[in-house]
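> here are the coordinates; sequence isn't available:
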């Protein structure tokens with residue numbers, strides 16, 4: 001009996017040990033030392049924080065991912081190949097997420113296949129200090145002295161503008177509008193995928209020809225996106241010229257810029273970076289680089305660079321003329337065979353020295369880095385490829401620690417994928433053709449060496465085979481369907497009904513349009529008590545129900561001028577780009593054979609020249 005009891009205890013002990021070995025990983029703590037942040041300070045990259053975590057049962061079968069929120073996705077905070085311990089801390093520079101949400105971070109436990117086993121999130125809310133000033137526009141400028149009349153008439157006018165907004169509040173955004181002589185305003189913004197606009201930047205607006213005016217007015221407003229409250233506004237006014245090459249200017253800012261500071265002995269000379277260099281070049285990434293500079297009109301200078309954990313490092317209180325030994329082993333290499341360092345001039349109070357436009361007196365230096373990386377081959381097959389097919393890539397890179405393949409999105413943005421990262425120095429990989437492309441896809445190959453230096457190869461363009469023999473769009477469309485449709489003319493525009501989606505498009509004479517769901521059912525009566533004037537008619541069926549139940553639509557369209565036309569037409573969707581913003585346009589034919597184009601955003605329509 002005693003021997004039997006010993007066997008039972010041994011079995012239970014073995015079972016307990018086996019159970020312990022199979023315990024899944026679990027995050028028991030993920031925290032941050034900051035309770036809140038000020039939005040304007042986050043945008044200025046002035047706030048750091050300390051993340052800490054503790055994870056149980058993190059065996060070699062699992063690893064930790066640490067990410068921050070950016071746009072609609074997550075961006076890793078880790079270096080390539082970096083492995084986090086089960087418990088630790090990580091200092092970070094808080095980055096703006098480029099959306100209306102607060103800074104957010106994610107800690108995840110993943111297995112070898114990348115499947116998430118456990119995850120925790122941190123969101124650092126924005127706070128508004130009691131003494132905070134209202135948002136204000138410090139700079140709003142144009143890069144051109146005028147707008148060419150031919151571009152305005154053709155609808156192709158573009159104007160580059162720069163702006164700077166101080167003391168931005170949460171839930172506020174920047175709005176760019178064109179203002180007309182009668183007080184009306186319309187959006188001057190090009191379509192974009194992300195609504196949020198940074199407080200300081202450069203972009204392009206799209207003015208239209210103002211009727212009966214010889215000047216174009218562009219207005220910038222800072223507004224609360226929820227309440228609609230306007231915090232500040234500024235306007236630019238540019239003449240319409242007959243020259244397609246107006247002189248380049250910078251329009252005066254709405255708020256006067258501070259007067260630049262100067263050091264004694266140079267009161268009559270503006271502040272200026274006279275020299276900023278590095279040696280040796282190219283530099284050994286495991287060695288050092290000596291930075292040298294000469295700056296006029298400054299009491300001191302600062303140097304800025306990124307360290308190994310992607311934090312911004314600032315070396316302050318350096319003399320206006322001097323040198324600094326930068327250890328390259330302590331900096332972050334990313335994306336190129338070079339490394340950037342910034343030099344900033346400061347006055348006796350430690351503030352930036354500003355030029356007449358309010359910009360900091362600064363200089364950027366790119367240090368070339370030594371590497372033995374060499375891309376010997378990069379190819380794709382088949383080329384051209386079918387949209388619903390796959391592409392096989394083959395590559396070879398000498399002296400690489402890892403290789404990655406990236407593609408350029410239709411918006412012109414590099415797209416990174418876990419399946420195409422951390423590839424071996426040579427090999428092949430089959431990938432499905434991604435959606436959203438119509439004619440071609442551009443791929444790049446990049447490689448990193450053992451020191452963290454990166455290079456990128458020449459673009460590889462993979463053409464796509466169009467599945468349609470003919471089309472209405474200017475290029476091969478995304479989709480094409482032959483659809484039963486109906487058309488009805490009105491005094492102020494016309495309506496189109498499509499049977500496949502049961503939608504009604506209302507196209508007004510002012511070239512705007514709107515889309516509505518067709519809610520009419522067969523046999524449903526349409527009640528229009530008024531009698532149409534002579535030569536006019538009341539619409540029926542789905543057109544009539546929509547017209548009768550929408551007073552504003554009815555007032556804009558007026559009465560029908562004839563009867564419905566029933567016909568078949570292709571309906572095509574097509575990719576349209578405005579800068580880096582992708583939108584989807586729609587093409588179809590009218591009963592008379594003319595092509596109609598509906599823009600994705602703004603909602604305007606046109607009839608292309610070709611039919």
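Noted; the coordinates are in hand. Everything numeric here is computed off the predicted structure, so don't read it as measured data. Numbers count the residues shown, from 1 in each chain.
> Please list the residues outside stretch 62-69 that contact it.
Stretch 62-69 is contacted by residues 25, 51, 53, 55, 58, 74-78, 83-84, 86, 90, 92, 95, 97, 99, 101, 103-111, 117 when judged by Cβ atoms under 8 Å, 6 or more residues apart in numbering. C-betas here are computed from N, CA, C, even on glycine.
> Over to stretch 329-347 now: how far is its first residue from its last?
31 Å (Cα to Cα, to the nearest Å).
> which stretches of the stretch 51-200 of the chain form helices?
149-154 (DSSP state H, counting those that start in this stretch).
> Mind giving me the ChimeraX select for the contacts of stretch 62-69, buried ones only?
Applying 16 or more other Cβ atoms under 10 Å to the contacts of stretch 62-69, the buried members can be selected in ChimeraX as follows:
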select :25,51,53,55,58,74,77,78,84,86,90,92,95,97,103,104,105,106,107,108,109,110,117
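> same question for the longest strand that the chain contains, mean pLDDT?
Secondary structure of the chain read by DSSP state E shows that its longest strand is strand 565-578. Strand 565-578 shows a mean pLDDT of 87.
> swap in stretch 227-236?
87.
> just stretch 185-197 next, same as before
84.
> and the end-to-end length of that stretch?
First residue to last in stretch 185-197 (Cα to Cα) measures 20 Å.
> In that stretch, which residues are buried?
In stretch 185-197, counting by 16+ other Cβ under 10 Å, buried: 188, 189, 190, 191, 192, 196, 197.
> Identify all contacting residues around stretch 187-204.
40, 43, 71, 96, 98-100, 158-166, 168, 173-178, 205-207, 218, 411, 576, 578-583, 600-602.
> Kindly report the same for stretch 371-390.
With Cβ under 8 Å, 6+ apart, stretch 371-390 has contacts from 285, 337, 391-400, 430-433, 437, 443, 445, 447-449, 451, 453-455, 457, 460, 462-465, 467.
> What's the ChimeraX syntax to select whichever of those are buried?
A single ChimeraX command is used to select the members of these judged buried by 16+ other Cβ under 10 Å:
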select :285,337,391,393,395,396,397,400,431,433,437,443,445,447,448,449,451,453,454,455,457,460,462,464
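> returning to that earlier point: so, if you compare the buried residues of stretch 185-197, which one comes nearest to residue 477?
residue 191 (17.8 Å; Cβ to Cβ).
> separation between the spatially most central residue of the chain and residue 98?
Closest residue to the average C-alpha location of the chain: residue 194 at 5.9 Å, with Cα atoms, centre = their mean. From residue 194 across to residue 98, the span is 7 Å (Cβ to Cβ, to the nearest Å).
> what sits in contact with each of the two?
What both residue 194 and residue 98 touch, as defined by Cβ under 8 Å, 6+ apart, is the set residue 71.
> A helix includes residue 553, no?
Yes - the assignment for residue 553 by DSSP: H, G, I helix; E, B strand; the rest coil puts it in a helix.
> Could you tell me how many residues sit around it?
Residues near residue 553, counting by other Cβ atoms under 10 Å, number 19.
> Quick check: it touching residue 547?
Yes - counting by Cβ atoms under 8 Å, residue 553 touches residue 547, with 6.6 Å between them.
> returning to what we had before: would you list the phi and psi of the residue nearest to the centre of the chain?
phi -120, psi 120 (degrees, to the nearest 10).
> where exactly do the helices run in the chain?
With helices called from DSSP state H, the chain shows them at 2-21, 39-43, 149-154, 541-548, 551-557.
> which stretches of the stretch 351-500 of the chain aren't confidently modelled?
Applying pLDDT under 70 to the stretch 351-500 of the chain flags residues 357, 411.
> Tell me where the model's unsure across the stretch 101-250 of the chain.
131, 243-250.
> where do the strands sit along it?
Counting by DSSP state E, counting those that start in this stretch, the segments of the stretch 101-250 of the chain that form strands are 104-111, 116-123, 136-142, 147-148, 159-166, 172-179, 185-187, 200-205, 215-224, 230-241.
> the inter-axis angle of the third one versus strand 215-224?
It stands for strand 136-142. Calculated by axes from the mean of the first three to the mean of the last three Cα atoms, to 10 degrees, strand 136-142 forms an angle of 150 degrees with strand 215-224.
> Could you list which of the contacts of stretch 371-390 belong to strands?
391-398, 430-432, 443, 445, 447-448, 454-455, 460, 462-465.
> thinking again about what came up before, next, format the buried residues of stretch 185-197 as a markdown table and append distance to residue 138.
Putting these into a markdown table (distance: Cβ to Cβ, whole Å) gives the following:
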| residue | distance to residue 138 |
| --- | --- |
| 188 | 20 |
| 189 | 20 |
| 190 | 24 |
| 191 | 27 |
| 192 | 23 |
| 196 | 19 |
| 197 | 15 |
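> so which of these comes closest to residue 351?
residue 197 (26.5 Å).
> Distance of that closest one relative to residue 566?
For residue 197, the distance to residue 566 - Cβ to Cβ - is 45 Å.
> Residue 434 too?
38 Å.
> Okay, buried residues for stretch 468-479 please.
Per 16+ other Cβ under 10 Å, stretch 468-479 contains these buried residues: 471, 472, 473, 476, 477, 478.
> Let me see the contact set for the residue lying closest to the fifth one once chain neighbours are set aside.
Nearest-residue entry for residue 477: residue 572, 4.0 Å, with adjacent residues in sequence omitted and distances by Cβ to Cβ, 6 or more residues apart in numbering. Residue 572 is in contact with 471, 472, 473, 477, 478, 479, 480, 481, 586, 587, 588, counting by Cβ under 8 Å, 6+ apart.
> how about a cut-off of 6 Å?
Residues near residue 572 by Cβ atoms under 6 Å, 6 or more residues apart in numbering: 471, 472, 473, 477, 480, 587.
> who touches residue 277 in this structure?
So residue 277 contacts residue 292 (Cβ under 6 Å, 6+ apart).
> Kindly recompute the last result at 10 Å.
Going by Cβ atoms under 10 Å, 6 or more residues apart in numbering, residue 277 touches 290, 291, 292, 293, 294, 323, 365, 367.
> repeat for residue 397
373-378, 403, 423-427, 445-449, 455, 457.
> go on, residue 487?
Per Cβ under 10 Å, 6+ apart, neighbours of residue 487: 494-497, 543, 562, 564-567, 569, 588-592.
> Fine by me, thanks again.
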